[in-house]
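Colleague: After the sequence you'll find the predicted model.
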Amino acid sequence: MGDLPKGDFSAAEQHRSMLITSLGRDRAAESWLHSYTKSFSGFVAKLTEDERHRISRSKGVVSVFPNTKHKLHTTRSWDFLGFPLKVQRKQTECNIIIGVVDSGIWPESQSFQDAGFGPHPTKWNGTCTSSSNFTCNKKIIGAKYYRTDIPSPRDTNGHGTHVASIAAGG
């Protein structure tokens, strides 16, 4: 990671070149996954422990660290923040569309009950990707999935439902 050089420069080409120098052309092509080129110069590669040590000693390398998966946490945010369960709603809260990109949403959650809701705002032009286990309602007016292993916008771990309920529940 580090600052981007000035002038005519391709960060991705520099990253590939570093891998080729350290690993050889074939192994570099197998291991390279992604270059970060906007806020900083860095890349992701699948490396063995030996390869990681070799690259970490290369000129221009600031740090090499493993990618780690973090478990998403769900807490009782409404209780923690001291929000009341019943709130007097205001007219200014109408016709607001909130978009959440997360692990999905559980439409049966009490936070997304649509009793008393009218039709969705006329400015809405999105879609609801329904599946055998998911349908939208008058409060969840759009949903889409992006993972190929779970072809449904349904939340599988609770985090997306939790986040969406903080923003739009009630």
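Modeller: Arrived safely, thanks for sending.
Colleague: Measure how far stretch 161-169 is from the centre of its chain, please.
Modeller: 15 Å (CA atoms, centre = their mean, to the nearest Å).
Colleague: Ramachandran angles for Ser41?
Modeller: Backbone torsions of Ser41, given as degrees, to the nearest 10, read phi -100, psi 120.
Colleague: count of neighbours near it?
Modeller: 20 (other CB atoms under 10 Å). C-beta coordinates here come from the backbone N, C-alpha and C atoms, glycine included.
Colleague: Please tell me I have it right and it contacts Ser10.
Modeller: No - assessed by CB atoms under 8 Å, Ser41 is found out of contact with Ser10, at 10.4 Å.
Colleague: Name the spans of this structure whose pLDDT lies under the cut-off.
Modeller: For the chain, the stretches flagged by pLDDT under 70 are 1-7, 72-78, 80, 93, 170.
Colleague: can you rerun that using 50?
Modeller: For the chain, the stretches with pLDDT under 50 are 1.
Colleague: ranges for the helices of it?
Modeller: Assigned helices in the chain, in chain order: 11-23, 25-31, 49-56, 77-81, 159-168 (criterion: DSSP state H).
Colleague: thought Ile141 was touching Thr127?
Modeller: No - Ile141 is beyond contact range of Thr127, at 9.4 Å (criterion: CB under 8 Å).
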